[in-house]
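In: Have a look; sequence and predicted model below, questions after that.
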Amino acid sequence: MSEDGRSRSTLISSSTALRNTFYLSTLKPCTGKDDSSRNYTETWVKNYNQLPKTNDQFCLEISHREAIIDENQAFAQNCRKAIRDLQINGGNVALIGSRNNELLTYEKKKKAKKS
């Protein structure tokens, strides 16, 4: 197809070339390494972490830990049920052992968050 005597591919390549020229002219090459924003961020994080925590921050942290504990308790409860079902139904010993290891993992996570 053509439009005003020019093919569509010519029109597309012309617009692409024009767009590339525009973008290249607006970009300024980086002549040196500028770490000022990185240094600012690192300094801010260090200073922020040294500030005493507010009650809201403590409450948020406690709520977050409690949510993780609740989640791990639910996983552990489901794991115990699966182990019981496997034992009652004569399940594979290796699978029961695997579930016991999984249960221990959840218990460790729960204990770690409580401390």
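Out: Structure's in. What do you need? Predicted model only: the values in this text are computed from it and were never measured. Residues are numbered from 1 along each chain as shown.
In: what mean pLDDT would you report for stretch 46-62?
Out: The average pLDDT within stretch 46-62 is 85.
In: in the top helix by length along the chain, what counts as buried?
Out: Among the segments of the chain that qualify as a helix by DSSP state H, the longest is helix 55-88. For helix 55-88, burial by neighbour count (16 or more other Cβ atoms under 10 Å) applies to 69, 72, 75-76, 79, 82-83, 86. Backbone N, C-alpha and C define where each C-beta goes, glycine included.
In: Can you point out the buried residues in whatever helix or strand comes next after it?
Out: For helix 55-88, the succeeding helix or strand toward the C-terminus, using DSSP states H and E, is helix 93-114. Neighbour counts using 16+ other Cβ under 10 Å place 99, 102-103, 106, 109-110, 113 of helix 93-114 among the buried residues.
In: For the chain, give me the ranges with low pLDDT.
Out: 1-33 (pLDDT under 70).
In: circling back to that earlier point, of the buried residues of helix 93-114, closest to residue 57?
Out: residue 113 (16.9 Å; Cβ to Cβ).
In: Perfect, that will be all.
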